[in-house]
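**Q** no sequence on this one, just coordinates:
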């Protein structure tokens, strides 16, 4: 019983531990940028707006829930981890979601 309680206490303490230095530097504000090629077409927009515009440019049907979920998840990861996500290639270059 004591082992179980100790495990729960340690797990709880780890869950509320301060974020690491790398995580603290990541800017998680729900805003991203959208670019086509080397031109930023949207800057500091919320994820829903970015998903809508990217879907229009890439011809992705947002009536399909899986498409909405995939694009939203990708944009959220970009916001959380500061990595770019290429959605498709358009005539003028890659359509990317980037961290703001």
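**A** Here it is on my side, so go on. Everything numeric in this text was worked out from a predicted model, so none of it was measured.

**Q** so which residue is dead centre in this protein?
**A** For the chain, residue 76 is the residue whose C-alpha lies nearest the centre (C-alpha atoms, centre = their mean; 2.0 Å).

**Q** shouldn't it be within a strand?
**A** No. Residue 76: not assigned to a strand; according to DSSP: H, G, I helix; E, B strand; the rest coil it is helix.

**Q** any low-confidence regions in the protein?
**A** The model of the chain has pLDDT under 70 over residues 1-28.

**Q** can you map out the strands along it?
**A** 31-36, 39-46, 85-90, 93-99 (DSSP state E).

**Q** which one of those lies closest to residue 65?
**A** Closest approach to residue 65 among the strands of the chain (C-beta to C-beta): strand 85-90, 17.2 Å. (C-beta placed from N, C-alpha, C; glycine too.)

**Q** could I get the buried residue list for the closest one?
**A** Of all the residues in strand 85-90, those buried under the rule 16 or more other C-beta atoms under 10 Å are 85, 87.

**Q** stretch 90-100 now?
**A** Under 16+ other C-beta under 10 Å, the buried positions of stretch 90-100 are 95, 96, 97, 98, 99, 100.

**Q** give me the beta-bridge partners of the fifth one?
**A** Beta-bridge pairing of residue 99 under DSSP bridges involves residue 32.

**Q** just the first one next, same as before
**A** In this entry, residue 95 is beta-bridged to residue 36, residue 88, by DSSP bridges.

**Q** would you mind measuring the gap between the ends of stretch 29-39?
**A** For stretch 29-39, the first and last residues are 22 Å from each other (C-alpha to C-alpha, to the nearest Å).

**Q** what's in contact with it?
**A** 40-47, 50, 53-54, 57, 75, 78-79, 90, 92-100 (C-beta atoms under 8 Å, 6 or more residues apart in numbering).

**Q** from residue 53, how far out is the nearest residue to residue 57 once chain neighbours are set aside?
**A** Using C-beta to C-beta, 6 or more residues apart in numbering and skipping residues adjacent in sequence, the residue nearest residue 57 is residue 95, 5.3 Å away. Going from residue 95 to residue 53 by C-beta to C-beta, to the nearest Å gives 9 Å.
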